[in-house]
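Colleague: no sequence for this one, just the structure:
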């Protein structure tokens, strides 16, 4: 089973603070994704990447930045966190031409 | 882009009966339709998928049907067991070589299988 590791698993942040969520995959997958999961909305794509150095906007990118410094690592950055960004965030990876996504175990973020 | 609608949001069935979840999509060019299962506190995991060159696929008590004309696809779980209780997500994507895996998910269905 492909390994995708997220850190931290839980995070409490203050409104206006900066939050960085990290994701590491050891499967040499080119593609990585950040989703958020909210009741009534399912999984929504925030940012994604096709390889080191690349980031693309997903369906709900406002208020978020992403960074892919290497094949293995993909970060999601909230420069000015707001309570509406309270959610569970999932990172996923997938290989080019292989549609199956492997998800990390999620980061529960609470912005107070 | 793509939009995926999923119904029902909650499904309660008796153990041993079948359960069906339905999804519709908007982009007629979408060509890949996976289903993910998420147990409480866990991450979503792929359970079955179907590509646009197929109308039906079956594996281990799961059946997926795809109607491209109606832009509709469905998951059918036969002989449900308590272990099937979970959140289920359908998704759709347009995969064109390098541009793979950008899935649009439905809102999810909570399945409860009662003994």
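Modeller: Looks like it came in fine. Everything numeric in this text was worked out from a predicted model, so none of it was measured.
Colleague: what's the burial count for residue B:110?
Modeller: The local packing of residue B:110 (other CB atoms under 10 Å in any protein chain shown) involves 15 other residues. All C-beta spots, glycine's among them, are computed from the backbone N, C-alpha and C.
Colleague: which strand residues bridge it?
Modeller: Beta-bridge pairing for residue B:110 (DSSP bridges): residue B:10, residue B:87.
Colleague: how close does it sit to chain A?
Modeller: 10 Å (CB to the nearest CB, to the nearest Å).
Colleague: give me the spatial nearest neighbour of residue B:76, chain neighbours excluded.
Modeller: Leaving out its chain neighbours, the residue that sits closest to residue B:76 by CB to CB, 6 or more residues apart in numbering or on different chains is residue B:63, at 4.3 Å.
Colleague: could you report the distance from the one you found to chain A?
Modeller: According to CB to the nearest CB, residue B:63 and chain A sit 19 Å apart.
Colleague: isn't that residue right next to residue B:78, touching?
Modeller: Yes - at 6.9 Å, residue B:63 and residue B:78 qualify as touching, with contact defined as CB atoms under 8 Å.
Colleague: quick revisit: who's in contact with the residue nearest to residue B:76?
Modeller: By CB atoms under 8 Å, 6 or more residues apart in numbering or on different chains, the contact list for residue B:63 reads B:56, B:57, B:75, B:76, B:78.
Colleague: so it lies in a strand, does it not?
Modeller: Yes - per DSSP: H, G, I helix; E, B strand; the rest coil, residue B:63 lies within a strand segment.
Colleague: identify the bridge partners of it.
Modeller: residue B:58, residue B:76.
Colleague: now flag whichever of the contacts of residue B:63 is closest to chain A.
Modeller: residue B:57 (13.8 Å; CB to the nearest CB).
Colleague: I figured the closest one hits residue B:34, correct?
Modeller: No - between residue B:57 and residue B:34 there is no contact under CB under 8 Å: 10.9 Å.
Colleague: joint contacts of those two?
Modeller: With CB under 8 Å, 6+ apart, residue B:57 and residue B:34 have common neighbours B:48, B:49, B:50.
Colleague: now do the SS call for the second one.
Modeller: Each residue gets one of three states, and residue B:49 gets strand by three-state DSSP.
Colleague: enumerate the residues of chain A near chain B.
Modeller: Within chain A, the positions near chain B by CB under 8 Å from any CB of the partner chain are A:30-31, A:33, A:35, A:40-45, A:48, A:50, A:58-59, A:90, A:92, A:94, A:96-101, A:103-106.
Colleague: report the buried members of the residues you listed.
Modeller: For the residues of chain A next to chain B, a burial check counting by 16 or more other CB atoms under 10 Å in any protein chain shown picks out A:30-31, A:33, A:35, A:42-45, A:48, A:50, A:58, A:90, A:92, A:94, A:96, A:99-101, A:103-104, A:106.
Colleague: please identify the helix or strand for the residue nearest the centre of chain A.
Modeller: The C-alpha lying nearest the average C-alpha coordinate of chain A belongs to residue A:34 (CA atoms, centre = their mean; 3.0 Å). Residue A:34 belongs to strand A:31-38 when assigned by DSSP states H and E.
Colleague: just to revisit the earlier point, among the contacts of residue B:63, the buried ones, what's the ChimeraX command?
Modeller: Applying 16+ other CB under 10 Å to the contacts of residue B:63, the buried members can be selected in ChimeraX as follows:
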select /B:75
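Colleague: where in chain B is the helix or strand with the lowest mean pLDDT?
Modeller: Here the helix or strand of chain B ranked lowest by mean pLDDT, DSSP states H and E is strand B:104-105, holding a mean of 92.
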